[in-house]
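**Q** How does the following fold in three dimensions:
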Amino acid sequence: MPSQPSRDLQTFDNPTPERDYTIRMRIPEFTCLCPVTGQPDFATIHLEYVPEARCVELKSLKLYIWSYRDEGAFHEAVTNQILADLVAATDPRFMRVRAEFWMRGGIDTSVIAEHRADNWHPGTPVALP
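**A** Okay, the predicted model is just below:
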């Protein structure tokens, strides 16, 4: 197999660091294992961030997400770990990870974790007619 799961997040230089802009990614194939039962958990991960100097490279993000496939993790813990790892790799102005886990036992779970740089404040939203 040419690719293997990896926790090594690669980055590249932000091509427009002088501007606030939002990068949004939808990752619909996240899987991990329930640490209690060992059964698979499935989620869609939504990633939104305003980069500073670095952006996350997509293939490394794919391999990073894949690395959770056989790992036991509570929803809350894995969402916050993904945020922590991405923040460590990219040091963004703002980042939000939203994990929407599929229904199990009649309950679906969404976990939202955010990071905001101390010196960053979002601009005023523009309301268009």
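**Q** which residues of the chain score low on pLDDT?
**A** For the chain, the stretches with pLDDT under 70 are 1.
**Q** Pull out the buried positions in the one helix or strand D108 maps to.
**A** Using DSSP states H and E, the element containing D108 is strand 107-116. Residues T109, V111, A113, H115 are the ones in strand 107-116 that count as buried (16 or more other C-beta atoms under 10 Å). Glycine gets a C-beta too; all of them are placed from N, C-alpha and C.
**Q** try stretch 56-74
**A** Residues of stretch 56-74 classed as buried: V56, E57, S60, L61, L63, Y64, I65, W66, Y68, A73 (neighbour count, 16+ other C-beta under 10 Å).
**Q** In this structure, what residue spans correspond to strands?
**A** Taking DSSP state E as the criterion, the chain carries its strands at 11-13, 23-33, 40-50, 54-56, 94-104, 107-116.
**Q** next one: the longest helix seen in the chain to chain centre, how far?
**A** Identified as the longest helix of the chain according to DSSP state H is helix 75-90. Distance, stretch centre to chain centre, for helix 75-90: 7 Å (C-alpha atoms, centre = their mean, to the nearest Å).
**Q** Lovely, talk soon.
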